[in-house]
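Sequence and predicted structure, then a few things I'm wondering about:
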Amino acid sequence: MHNCPMTEFASAPADQAESQPQLLLVDGSSYLYRAFHALPDLRVDPNDRASQPTGAIRGVINMLTVLRKQYPKAQYAVCVFDAPGGTFRDDIYPEYKAQRAPMPDDLRSQIAPIHEAVDLLGWRVLAVPGVEADDVIGTLARTAAEQDIEVIVSSGDKDLAQLVTERITIIDTMSGKRRDLAGVQTEFGVPASLMVDYQVLLGDSVDNVPGVDKVGPKTAAKWLTEYGSLDAIVENASKIKGMAGENLRKALEWLPTGRQLLTIRTNCDLTGYVDGLPSLDAVTGREINAEAMVEFYKKYGFKTLAKGLEAGQSKTASPAAGSGPKSGSNSDPSTGDLFADPPAASRAGELKYDVVFDWPAFDAWLAKIEAAELTALDTETTSLDEMQARIVGISFSVTPGEAAYIPLAHTGPDTPQQLPLDEVLQRLKPWLENPGKKKLGQHIKYDRHVFANHGIEVRGYAHDTMLQSYVLEVHRPHGLASLAERHLGRKGIQYEDLCGKGAHQIPFAQVAVDKAAEYSAEDSDQTLDVHLALWPRLEENDKLRGIYELEMESSEALYRIERTGVLIDGDALRVQSHELGQRILALEKEAHELAGQPFNLGSPKQIGEIFFVKLGLPVVKKTATGAPSTDEEVLEKLAEDYPLPARILEHRGLSKLKGTYTDKLPLMVNAATGRVHTHYAQAVAVTGRLSSNDPNLQNIPIRNAEGRRVREAFVAPPGCVIASADYSQIELRIMAHISGDEALLRAFTEGLDVHRATAAEVFGVETEQVTSEQRRYAKVINFGLIYGMSSFGLARNLGIDNTAARNYIARYFERYPGVKKYMDDTRQSAKDTGYVETVFGRRLYLPEINSPNGPRRAGAERAAINAPMQGTAADLIKMSMVQVQKALDEQQRKTRMIMQVHDELVLEVPEAEVEWMRSEIPRLMAGVAALKVPLLAEVGVGPNWEQAH
DNA sequence: CTGCTAGCATA
DNA sequence: GTATGCTAGCAGA
């Protein structure tokens, strides 16, 4: 990085002029609300819901920190809040903001601490009675702009767009949106100078200010473009046709009032609040009052922020920052350095990206990562298929705002001389494989594979931002771009911008090195910053941190499973495919004859035409789009009276089998390993489960003999057997544990057949007297409970009427009152908090639990019932995987895990280890947690997966 | 070539 | 009635 060719990229606002003074204006009021609603319910004491809430405090601090980092040179900094009490607008129009709900208590109690924090962070806090925050912002912005100062207003509120001028830009720190002159024109279709006119036409439903009825963004923009201003529109009101024109004429009297209400004032008298205007000295940013800030962080339970600041204090006794933190006093404005001593968490500065082309530069970075406490690491590769991917380049970041990219295998035109891939990897290998050198990544399981493809087993991965996000906010997206936007307010380079998408996509290796460097370095940098934003939130919550640690350990176990792969007998499957093909052909012929014409049996649409138009069969039910359904249930019903549906039914079954399994699986065999390597998605399922794809090995058929033959092709290599270890009745056991229902607990503690026991209770007979029919009913009821069933669903499933189903459920709840209580309590707490928890504290959010849309809300309620059980089961099997992997490693066993299917672990076991495995694996699985009921794991062994059951 | 739907495989 | 992923067909680029 010193005497070597390199490129520097200034990220963030690249147009930031060096010498131009800047004023940062934050719309504190808009961010209060957004932080309050966006962040989970944080508390000083996470376990005490009555303790001081801190989510909004945290959010505002984060936002200011991000902003400060983006504009490190800003000289003036003000954060404006609404003052309590009415404003001049209420006098003009009593209905102003009449529909606004009062501020929630949990937010109100955070206002004073927020003001305190903002002040300690070195910002001037302003709240002026009688006018709104917007008016204060407008006044300050105009004053500053008149003095040739560049003004950056940060707000989540669109209304401020009317303030935009050449000197005034509105940014939305949370979404990264940037509204300057061009941005406003693009977004609204009118120039910034006409934004007031535009808003008056539209009105503002949030503030209860009417506009012109039926005039939306499109019409408003059209009129303004046509006539040039609202005044001109009013003058020509009589000429405007249609409904909108009529409404406009009706609104003519109102419009001047609307304009008064919606115009942001830029001439407020701020005397007494900002002395010294228009010199602006009064709002000069100060240094952080570090000492007091640490106290503040501690008081509100932000342990990591406190630690970071304390560390930063001792480390950076920089002379430029003066003699350390001073409380309250303004620093010398002539330094122009608003944030001389930022917390360690986000060192200010332009984002600096190095491209490493030669050995001296490489050595410098190697020394950096060797010395670093934590290094963010990212690879760019030739393929998304993790078993195939080869490295194209590697990036690192150890300090926020600084990153390096090492291009290694770019092949595009004009690619400069790159360092040799193999040699670089050899030199990085000791660091990569050193467990003491802590690393961090986004989706580290992928990078582990990539390095393994080059013979490197990475050790010392301490964090994965994807998993942090998954644990904190399971229902939100977890891609790095989403995380950066959501938590940093940063919008990076899109992958598609580099490589294009779809068929036109080019390999990453052909991307120009400078572009690739910018992209990759930014990824590492963002990964580090996202970590700094998310890890503190995990660290201060014991339960979530525990779940995160489980995810990190699972990630490594999953990597091992994926890497190992599964041996598939491709020839056996090809034989099955051929047989299925013959039978499918025969069925097609029969079906065509029965229909009297050829048609595609795989097309529900064509089947519909034949059935319901040509043959006049009765429509049993319709699909979501209103077309007559031809699904299995319908076909079964029609098959009672007609011959054709049965053929279709059989055809469906066979072609599903052939098309999805017997044809496809042999094609998925990896040429290098001779095995199939699925991918387990660890951050997809909202309940904490894994999902499996490419291929999906979690939906291999088992329910009928036809399908089970596919499982025979999952085989063990010579000298080994396949073992399947699965949890027995795991979700019902969890229901027993969570609900604490005595009857259910007893059934499991006594080792009874739980469906039989349920039948005995519901039908009021002795356990020995239960018929197989009764047991079948009980089983359906038990499953229904796990799914949050309704009587309607149960009736449909059992083929009984609704009243009978309701009776069964009533009988069940009579016999198992604890279960009833659990269901009710879970629904209620989901409504109160917006989430439910697993036994181990994994949070499962239900965004629609309070939806005004009935069916959606009902769906969320069912999910609320199911999620703790499904999620706890997921937690348990993840614990099992970690424990099993640990045991295999410690004892240097040859046994390998090869699959996970939600409540089942599949292993490949050398014959010599079968006895050990038979006793030890179930013991480990049963022992991962002590619930109120025993856990039971059962193991089967066979030459293939089918016979291991 | 892409995105949607209908249908269906698993726990 | 919970949670997923994959396929074929089909419509609109």
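Done, it's in. Numbering: from 1, shown residues only, chains lettered A, B, ... in the order given.

tell me which parts of the stretch 701-850 of chain A are close to DNA strand B?
A:701-704, A:707 (C-beta under 7 Å from any atom of the strand). No exception for glycine: its C-beta is placed from N, CA and C like everyone else's.

Now the buried members of those.
Buried members of those, counted by 16 or more other C-beta atoms under 10 Å: A:701, A:707.

now, among the residues of the stretch 701-850 of chain A next to DNA strand B, which is nearest to DNA strand C?
residue A:701 (10.9 Å; C-beta to the nearest atom of the strand).

Secondary structure of that closest one: a helix, I assume?
No - under DSSP: H, G, I helix; E, B strand; the rest coil, residue A:701 falls outside any helix and is assigned coil.

need the contact list for the residue of the stretch 451-600 of chain A found nearest DNA strand C.
Shortest the stretch 451-600 of chain A-to-DNA strand C distance, computed as C-beta to the nearest atom of the strand: residue-wise this is residue A:600, at 4.9 Å. Going by C-beta atoms under 8 Å, 6 or more residues apart in numbering, residue A:600 touches residue A:606.

does it sit in a helix, a strand or a coil?
Under three-state DSSP, residue A:600 comes out as coil.

which residues are contacting the lengthiest strand in chain A?
Ranked by residue count under DSSP state E, the longest strand found in chain A is strand A:76-87. Here strand A:76-87 makes contact (C-beta under 8 Å, 6+ apart) with A:21-29, A:32, A:64, A:68, A:111, A:115, A:118, A:122-133, A:135-137, A:140, A:144, A:149, A:280, A:283-285, A:338.

Could you check how far the residue of the stretch 451-600 of chain A closest to DNA strand C is from residue A:606?
5 Å (C-beta to C-beta, to the nearest Å).

Contact residues of chain A facing DNA strand B?
A:501-503, A:604, A:623-625, A:627, A:629-632, A:635, A:649, A:652-653, A:656-657, A:660, A:698-704, A:707, A:901-904.

Can you select the buried ones among the residues you listed for me in PyMOL?
To isolate the buried ones among the residues of chain A next to DNA strand B in PyMOL, judged by 16+ other C-beta under 10 Å, type:
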select buried, chain A and resi 604+629+630+635+649+652+653+657+660+698+700+701+707+901+902+903+904
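
Out of the contacts of strand A:76-87, which sit inside strands?
A:22-27, A:124-130.

ok, the residues you listed vs DNA strand B, which is closest?
For the ones in strands among the contacts of strand A:76-87, the nearest to DNA strand B is residue A:27 (34.5 Å; C-beta to the nearest atom of the strand).

need the contact list for that closest one.
Contacts of residue A:27 (C-beta under 8 Å, 6+ apart): A:80, A:133-134, A:137, A:153-157, A:160.

swap the cut-off to 6 Å and go again
Applying C-beta atoms under 6 Å, 6 or more residues apart in numbering, we find residue A:27 in contact with A:133, A:155.

Kindly report the same for residue A:939.
With C-beta under 6 Å, 6+ apart, residue A:939 has these contacts: A:723, A:725, A:918, A:921-922.

Surely it is within a strand?
Yes - under three-state DSSP, residue A:939 falls within a strand.

How about it: which residues does it bridge to?
residue A:725 (DSSP bridges).

From residue A:34, how far off is it?
In terms of C-beta to C-beta, residue A:939 sits 52 Å off from residue A:34.

And residue A:909, by the same measure?
54 Å.

Let me see the confidence value for residue A:874.
Listed pLDDT for residue A:874 reads 98.

residue of the stretch 401-550 of chain A with the smallest distance to DNA strand B?
residue A:502 (1.6 Å).

measure that residue to residue A:412 for me?
From residue A:502 to residue A:412 the distance is 20 Å (C-beta to C-beta).

if we can go back for a sec, got a quick ChimeraX command for the buried subset of the contacts of strand A:76-87?
Applying 16+ other C-beta under 10 Å to the contacts of strand A:76-87, the buried members can be selected in ChimeraX as follows:
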select /A:21,22,23,24,25,26,27,28,29,32,64,68,111,115,118,122,123,124,125,126,127,128,131,132,133,135,136,137,140,144,149,280,283,284,285,338
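
and the contacts of strand A:76-87 near DNA strand C, which?
Counting by C-beta under 7 Å from any atom of the strand, no member of these reaches DNA strand C.

Low-confidence ranges, the stretch 251-400 of chain A, go.
A:275-282, A:311-350 (pLDDT under 70).

Go again with 80.
A:271-289, A:303-304, A:307-351 (pLDDT under 80).

Repeat that for the stretch 1-150 of chain A.
In the stretch 1-150 of chain A, residues with pLDDT under 80: A:1-20, A:34-35, A:37-41, A:46-49, A:66, A:69-70, A:72, A:98-102.

now with 70?
Ranges of the stretch 1-150 of chain A meeting pLDDT under 70: A:1-19, A:40.

Closest residue of it to DNA strand B?
Counting by C-beta to the nearest atom of the strand, the stretch 1-150 of chain A gets nearest DNA strand B through residue A:38, at 25.9 Å.

got the phi/psi numbers for the residue nearest to that residue when sequence neighbours are not counted?
Nearest non-adjacent residue to residue A:38, counting by C-beta to C-beta, 6 or more residues apart in numbering: residue A:59, 6.6 Å away. Taking degrees, to the nearest 10, you get phi -60, psi -40 for the backbone angles of residue A:59.

In the stretch 251-400 of chain A, which residue sits closest to DNA strand B?
residue A:384 (14.3 Å).

ok but that residue is inside a helix, no?
No - with three-state DSSP as the criterion, residue A:384 is coil rather than part of a helix.

Would you mind measuring from it to residue A:442?
Distance from residue A:384 to residue A:442, by C-beta to C-beta: 14 Å.

One more: residue A:396?
13 Å.

and if you look at residue A:67?
23 Å.
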